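Participant: okay, here's the prediction I keep looking at, along with the sequence it came from:
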Amino acid sequence: MRHGLALVLGLLASAGAMGQADDYDLAPRQVAANTYVLLGAQENFSFDNHGAISNTGFIVTDDGVVVIDTGPSRLYGEAMRAAIAEVTDQPVVQVYITHAHPDHFLGSNAFEDVPIAALPQTTEAIREIGPDLASNLYNLVGSAMRGTTAVVPTAKADTEHRVAFGAHELELIAARGHTAGDLMVFDHSTGVLFAGDIAFHDRAPTTPNADIAAWHKTLAATQQRDFKTLVPGHGPVVEGGEALAQTADYLTWLVQGFEQAAARGASAAEVMFMPLPDRWAALAVEPGEYRRSVSHLYPAIERAALEGDDTP
Ligand SMILES: [Zn+2]
């Protein structure tokens with residue numbers, strides 16, 4: 001044990017000595033009054049992008065800074081705090097975690113002095129599988145993950161009342177579909193909706209924990225809201241509901257294609273290597289994300305098709 005600990009500490013020390021190599025280069029972009037987004041790479045996890053593949057954001061208010069998602073690692077979280085300090089002297093006073101996927105919450109080590117709020121489903125998932133998600137991300141991203149542990153949120157997001165920070169009135173929206181708990185943060189004072197991974201923009205949606213029917217319901221309900229600017233979990237910030245529509249269209253195409261393939265008895269391997277139509281082949285992380293969705297979604301659709309098939 002002692003030998004193992006010494007080894008780990010030695011590795012940590014040498015990783016620390018590697019210095020700048022893993023530093024995140026975070027440049028906040030202002031998308032509305034007092035509202036900033038740090039755009040992630042439209043890529044899969046890699047050693048090169050250090051896991052910074054999703055969007056994070058923050059709102060500067062007279063009551064302090066509200067952070068939406070903390071990124072993939074302790075170092076990302078620390079870099080995010082430094083980037084916030086370049087913009088404002090206000091302290092960070094609140095963190096919201098949109099959902100329990102590793103690219104969105106594993107930077108919370110850098111915010112442990114601040115209330116970290118999430119939906120109950122998110123907190124539960126992080127408690128249960130957070131450590132596995134963290135160690136898996138170490139394998140995919142490498143030393144940029146050093147010092148990262150899965151911090152369990154400390155508070156329940158208040159989805160009953162609007163929450164005021166300075167002049168910013170935030171509505172915390174409890175949704176689901178991408179995962180069992182998808183929190184959206186709607187700033188009524190600016191019209192900015194932080195949609196988390198309910199919305200993917202020019203990037204294929206990920207489906208490991210998806211309930212597609214629930215996701216469609218959420219997308220349709222969100223489309224009815226009077227937001228002005230939408231910050232998707234992945235991809236460029238956009239005015240209006242285009243990212244919601246694109247996500248809905250993709251999910252519809254995905255499931256219809258799987259149902260048609262299952263009806264003609266196609267194997268998962270065949271479905272996996274079907275060519276994508278141009279519109280969807282052009283999305284970032286395709287065809288990889290499509291193939292992952294085959295493994296997530298096709299077995300159940302195939303089973304349903306077989307059970308519905310009453311030929312002897
Ligand atoms: Zn994500």
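Facilitator: In hand now; what should we look at? Residues are numbered from 1 along each chain as shown.
Participant: run through who's touching stretch 265-277.
Facilitator: For stretch 265-277, contacts defined as C-beta atoms under 8 Å, 6 or more residues apart in numbering pick out 253, 257-258, 261, 281, 286-287, 290-291, 294-295, 298-299, 302. Where C-beta positions appear, they are placed from N, C-alpha and C, glycine not excepted.
Participant: residue numbers of the stretch 201-312 of the chain in contact with the ion?
Facilitator: Taking C-beta under 5 Å from the ion as the criterion, the stretch 201-312 of the chain approaches the ion at residues residue 233.
Participant: where do the helices sit along the stretch 201-312 of the chain?
Facilitator: Taking DSSP state H, counting those that start in this stretch as the criterion, the stretch 201-312 of the chain carries its helices at 212-223, 242-263, 268-272, 278-281, 288-308.
Participant: ditto for the stretch 1-150 of the chain
Facilitator: 2-17, 74-87, 102-105, 120-141.
Participant: so which of those is nearest the ion?
Facilitator: When these are compared by C-beta to the ion, helix 102-105 sits nearest the ion, at 4.8 Å.
Participant: low-confidence regions, the stretch 151-300 of the chain specifically.
Facilitator: Applying pLDDT under 70 to the stretch 151-300 of the chain flags no residue at all.
Participant: ok and the residue in the stretch 201-312 of the chain nearest the ion?
Facilitator: residue 233 (4.6 Å).
Participant: using the three-state scheme, assign the residue nearest to that residue when sequence neighbours are not counted.
Facilitator: Sequence neighbours aside, residue 197 is the residue nearest to residue 233 in space, at 3.6 Å (criterion: C-beta to C-beta, 6 or more residues apart in numbering). Secondary structure state of residue 197, per DSSP: H, G, I helix; E, B strand; the rest coil, is strand.
Participant: is it possible to export the helices of the stretch 201-312 of the chain to a markdown table including distance to residue 163 and mean neighbour count?
Facilitator: Formatted as a markdown table, the helices of the stretch 201-312 of the chain follow (distance: least, C-beta to C-beta, whole Å; neighbours: other C-beta atoms under 10 Å):
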| stretch | distance to residue 163 | mean neighbour count |
| --- | --- | --- |
| helix 212-223 | 19 | 17 |
| helix 242-263 | 23 | 19 |
| helix 268-272 | 44 | 15 |
| helix 278-281 | 38 | 12 |
| helix 288-308 | 34 | 16 |
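Participant: measure residue 136 to residue 125 for me?
Facilitator: 14 Å (C-beta to C-beta, to the nearest Å).
Participant: kindly report the residues of the stretch 51-200 of the chain close to the ion.
Facilitator: 54, 101, 103, 197.
Participant: phi, psi of the second one?
Facilitator: I take that to be residue 101. The phi and psi values for residue 101, taken as degrees, to the nearest 10, are phi -110, psi 140.
Participant: now the helices of the stretch 201-312 of the chain in JSON lines, with distance to residue 81?
Facilitator: Converted to JSON lines, those look like this (distance: least, C-beta to C-beta, whole Å):
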{"stretch": "helix 212-223", "distance to residue 81": "30"}
{"stretch": "helix 242-263", "distance to residue 81": "27"}
{"stretch": "helix 268-272", "distance to residue 81": "41"}
{"stretch": "helix 278-281", "distance to residue 81": "37"}
{"stretch": "helix 288-308", "distance to residue 81": "30"}
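Participant: tally of neighbours for residue 200?
Facilitator: 27 (other C-beta atoms under 10 Å).
Participant: tell me the bridge partners for it.
Facilitator: Note on residue 200: beta-bridge partners by DSSP bridges are residue 234.
Participant: enumerate every residue touching it.
Facilitator: Here residue 200 is in contact with 206, 232, 233, 234, 235, 243, 246, 247, 250 (C-beta under 8 Å, 6+ apart).
Participant: how close does it get to residue 230?
Facilitator: In terms of C-beta to C-beta, residue 200 sits 11 Å off from residue 230.
Participant: overlap in contacts, these two.
Facilitator: Common neighbours of residue 200 and residue 230 (C-beta under 8 Å, 6+ apart) are residue 243.
Participant: residue 50 against residue 71, yeah?
Facilitator: No - between residue 50 and residue 71 there is no contact, the gap being 9.3 Å when judged by C-beta atoms under 8 Å.
Participant: list residues touching both of those two?
Facilitator: Joint contacts of residue 50 and residue 71 (C-beta under 8 Å, 6+ apart) are residue 24.
Participant: and these two? Which one has more around it.
Facilitator: Per other C-beta under 10 Å, whichever of residue 50 and residue 71 has more neighbours is residue 71, with 31 against 25.
Participant: relative to the ion, how far out is the closest residue to that one other than its chain neighbours?
Facilitator: Nearest residue to residue 71 in three dimensions, chain neighbours excluded: residue 107, at 3.7 Å (C-beta to C-beta, 6+ apart). Going from residue 107 to the ion by C-beta to the ion, to the nearest Å gives 13 Å.
Participant: on that earlier part again, between the contacts of stretch 265-277, which sits nearest residue 156?
Facilitator: When these are compared for distance to residue 156 (C-beta to C-beta), residue 295 wins out at 33.0 Å.
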